[in-house]
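**Student:** Okay, sequence plus prediction incoming.
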Amino acid sequence: MRYSRIKRNQTKKRYATFLLVVLLGFAVIYVAFAGTLGKFVSNLILPLISSENKNNTGNNDDDPVLTIPDTTEEPSKDTAKVTETLKANALTMYAIQMNAFSDKSNAEAFAQELKSKGGAGYILDDGFYRVIAIGFKNEQDAKQVREELKADGIESHVYKIATAGANMSITATRDNVSAISSAYELWEEKYYSLEDIILNLDKGNISSSEAYNNIKEIKTELEAKRDQLKELYDNQNNNNIVLAGLVTLYENSCLSLDKILSINSMDKVAISSEIKYTYVDMLMQYMDYMEQITK
C-alpha cells in the first residue's frame, strides 16, 4: 500500500512538471505570436484609418466647386482665401398656357397673334409647342388669371416651369466670394422685378415710357455686375463652368433686355409683350445654367 501511494505521488509530480513545461511553452509562444499578431492587426487597420482621414474632408463632392485666384502675389488680410458655400435658388414660374401644338408652324402663327395683343407669345418646346401668354411667381395669381379668362370664354392652362437650384463650394478672397454671392442675389432680384413692371404696366399704374426706363435701369445694373464677373473670370487659370456659365447668364440677360429697349417706348402693347416674353425667356436661360453646373 505504501509503495503504491509513493508511486502515485511520483506520477503526480511528473504530471505536474509536464503541465508546467507545457504552460510555459504556450506562454512563450503566445507572447511571440501576440507581438506578431499585434503588428499584423496594426498594419491592417492603419491604412484604413489613414484612408478615412483623407476622405473625410467635409466637402460634398456633388456640389459644384469654384476656386477664384487673386491677382496679387503677396498674401495679406484682403487676399486671404476662404471657403464658403453659396446658394443659387431653385426658381419656379406658373405660366398661362393658351394652347399647345404638335406642329411648330401652327404654334408660331398663334404666338404672333398673341404677341399682337400684348401676350408673351413664348413657345416652350418640350415635345409639344406650348404657347405661353404670361408667367407668375405665385401660383394663385396664375389660377386667378385662368379663372378670369374662363369667365370670358377663353380656355387656358396653368403650366409649371421649375428650375434646379445649387449649393456651391467657393474658395476665394472674401471680396470675390461677396462678388459671386451678390451676383446670384442681384440676378434673382432683377429677374422678379420684371413681373412687377408687367403688372403695373398692364394695370395702368405706370406708362410704357416708365416701364422702358425701368428696364434700362435693370440692364445698367446687370451690365455692371457682368463686367465685374468677366474680370474675375479673365483672372482664372482654368475654365470653371460655374463662373463661365454665370458670366454667360448675365450676358444673355442683358441681350434680352436690349430687345425690349429696341422697341418704341411709346408702344405699350409691344413693350408689354416683349417684357412678358423676356420674363419667360430669362427663366429658361437660368434653367439651362443650372442644368449645366449640376449635371
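**Tutor:** Cool, the structure landed. Numbering: from 1, shown residues only.
**Student:** in the stretch 51-200 of the chain, which ranges drop under the pLDDT threshold?
**Tutor:** Counting by pLDDT under 70, the stretch 51-200 of the chain contains low-confidence residues at 51-79.
**Student:** what about the helices in it?
**Tutor:** Ranges of helices within the stretch 51-200 of the chain are 104-116, 139-151, 174-203, based on DSSP state H, counting those that start in this stretch.
**Student:** Now do residue 89: how many residues are near it, please.
**Tutor:** Other residues lying near residue 89 total 14 when counted by other C-beta atoms under 10 Å. The way it works is simple: take the backbone N, C-alpha and C, and place the C-beta from them, glycine included.
**Student:** for the host helix or strand of residue 255, packing partners?
**Tutor:** Secondary structure assignment for residue 255, by DSSP states H and E: helix 241-261. Under the contact criterion of 3 or more C-beta pairs under 8 Å, 6 or more residues apart in numbering; DSSP states H and E, helix 241-261 touches strand 65-67, helix 174-203, helix 208-234, helix 268-294.
**Student:** Show me what residue 131 is bridged to.
**Tutor:** With DSSP bridges applied, residue 131 shows beta-bridge pairing to residue 99, residue 123.
**Student:** my guess is it meets residue 110, correct?
**Tutor:** Yes: between residue 131 and residue 110 there is a contact under C-beta atoms under 8 Å: 5.3 Å.
**Student:** quick one: common contacting residues for the two?
**Tutor:** In the contact map built from C-beta atoms under 8 Å, 6 or more residues apart in numbering, the residues linked to both residue 131 and residue 110 are 98, 99, 101.
**Student:** Buried members of those residues into ChimeraX, please.
**Tutor:** For the buried members of these, the matching ChimeraX selection, counting by 16 or more other C-beta atoms under 10 Å, is:
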select :98,99,101
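**Student:** So residue 264 lies in a helix, does it not?
**Tutor:** No: the assignment for residue 264 is coil, going by DSSP: H, G, I helix; E, B strand; the rest coil, so no helix is present there.
**Student:** Now do residue 153 against residue 141, distance only.
**Tutor:** Note on residue 153: its distance to residue 141, by C-beta to C-beta, to the nearest Å, is 21 Å.
**Student:** Mind checking which of the two has more residues around it?
**Tutor:** A direct count of neighbours by other C-beta under 10 Å for residue 153 and residue 141 places residue 141 higher, at 17 against 6.
**Student:** in the sheet, who's paired with the nearest residue to the more buried one once chain neighbours are set aside?
**Tutor:** Take residue 141 and drop its neighbours on the chain: the residue closest to it by C-beta to C-beta, 6 or more residues apart in numbering is residue 94, 7.3 Å away. Taking DSSP bridges, one finds residue 136, residue 160 as the beta-bridge partners of residue 94.
**Student:** Show the contacting residues for residue 94.
**Tutor:** Going by C-beta under 8 Å, 6+ apart, the list of residues near residue 94 reads 135, 136, 137, 138, 139, 141, 142, 143, 158, 159, 160, 161.
**Student:** Which of these sits closest to residue 290?
**Tutor:** Looking at the contacts of residue 94 and their distance to residue 290, the nearest is residue 161, at 12.3 Å (C-beta to C-beta).
**Student:** Kind regards, and thank you for your time.
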